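Undergrad: need a structure here:
(one chain, ligands or ions: 1)
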Amino acid sequence: MRIGRKKIEKVRVYGDPFLSKKAEAVDAVDEKLVKFSEVLMNTMVEFDGVGLAAIQVGVKSRMIALGVPIPQDENGVPRLSSPGEALLLSRMPMVLLNPEIVSYGKELVTKDEGCLSVPDIYAPVTRPGTVVVSAQILGAESFTLECGGLLARAFQHEIDHLDGILFINRLSKDELEKIEPALGKLKRRYARLKFLRKLIRKDDEQ
Ligand SMILES: [Zn+2]
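TA: Modelled structure (predicted):
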């Protein structure tokens, strides 16, 4: 798919079994990977995502794109409260390879999350407010740093994708029940699309 000169990829949606696959470590950076990282980043930006994991566009590699906005105080002054935010936020959007959570902070924070693979559904997820993350920035250095704020949440959400976990898998029973009808709709939509694609393929064969 192309938008202007930018190539983007279709984002897989809830119901698609690919989303529960576990991604594999990236061990070499070659031209193909650099090209794909552009597509991953373009797709995230096009759909207004804060993050996008390779698995969401059908690639089983431990790669994520992040586009976390810089938090500001009431006077519009950037508020970078963790070393990870200080290093990374001004350089976004970016692609990170083999991101990993090294340790979790003790304090838990509950905030609404959404996901490009679970369109139009938002629900509160409780996660540690800070995490120590290690990763390699594509084309630049590796780091191991404490991250807070939305960046900490985005890392946890995206790294979950690499392990086949969606934010809806982390909801309380009550919260999950509330969105079940909407999830059912998404699942049926996926089944319908898959069926239609099969029909179209059959037509092509004749
Ligand atoms: Zn997501």
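Undergrad: need the strands for the protein, in chain order.
TA: Secondary structure of the chain (DSSP state E): strands located at 2-3, 6-7, 51-53, 63-66, 94-104, 108-115, 118-128, 131-137, 142-147.
Undergrad: between these, which one is nearest to residue 180?
TA: Among the strands of the chain, the nearest to residue 180 by C-beta to C-beta is strand 118-128 (10.3 Å). Where you see a C-beta, it was placed from the backbone N, CA and C, and this is true even at glycine.
Undergrad: Go ahead and name everything in contact with that closest one.
TA: Applying C-beta atoms under 8 Å, 6 or more residues apart in numbering, the external contacts of strand 118-128 come out as 13-14, 104-115, 152-153, 156-157, 166-168, 170-172, 175-176, 178-179, 182-183, 186.
Undergrad: what's the distance between the residue positioned nearest the centre of the chain and residue 88?
TA: Taking C-alpha atoms, centre = their mean, the centroid of the chain lies closest to residue 52, which sits 3.1 Å from it. Look at residue 52 and residue 88: by C-beta to C-beta, to the nearest Å, they are 16 Å apart.
Undergrad: neighbouring contacts of stretch 13-24?
TA: For stretch 13-24, the external contacting residues (C-beta under 8 Å, 6+ apart) are 12, 53-56, 58-63, 117-119, 161-164, 166, 168, 183, 186-191.
Undergrad: and it, how far from the chain's centre?
TA: In terms of C-alpha atoms, centre = their mean, to the nearest Å, the centre of stretch 13-24 is set 12 Å apart from its chain centre.
Undergrad: got the buried residues for it?
TA: Across stretch 13-24, burial judged by 16 or more other C-beta atoms under 10 Å covers 13-16, 19, 23.
Undergrad: Give me the below-cutoff pLDDT ranges for this structure.
TA: The chain contains residues with pLDDT under 70 at 3-4, 204-206.
Undergrad: Counting residues, what is the longest helix that it contains?
TA: helix 173-205 (DSSP state H).
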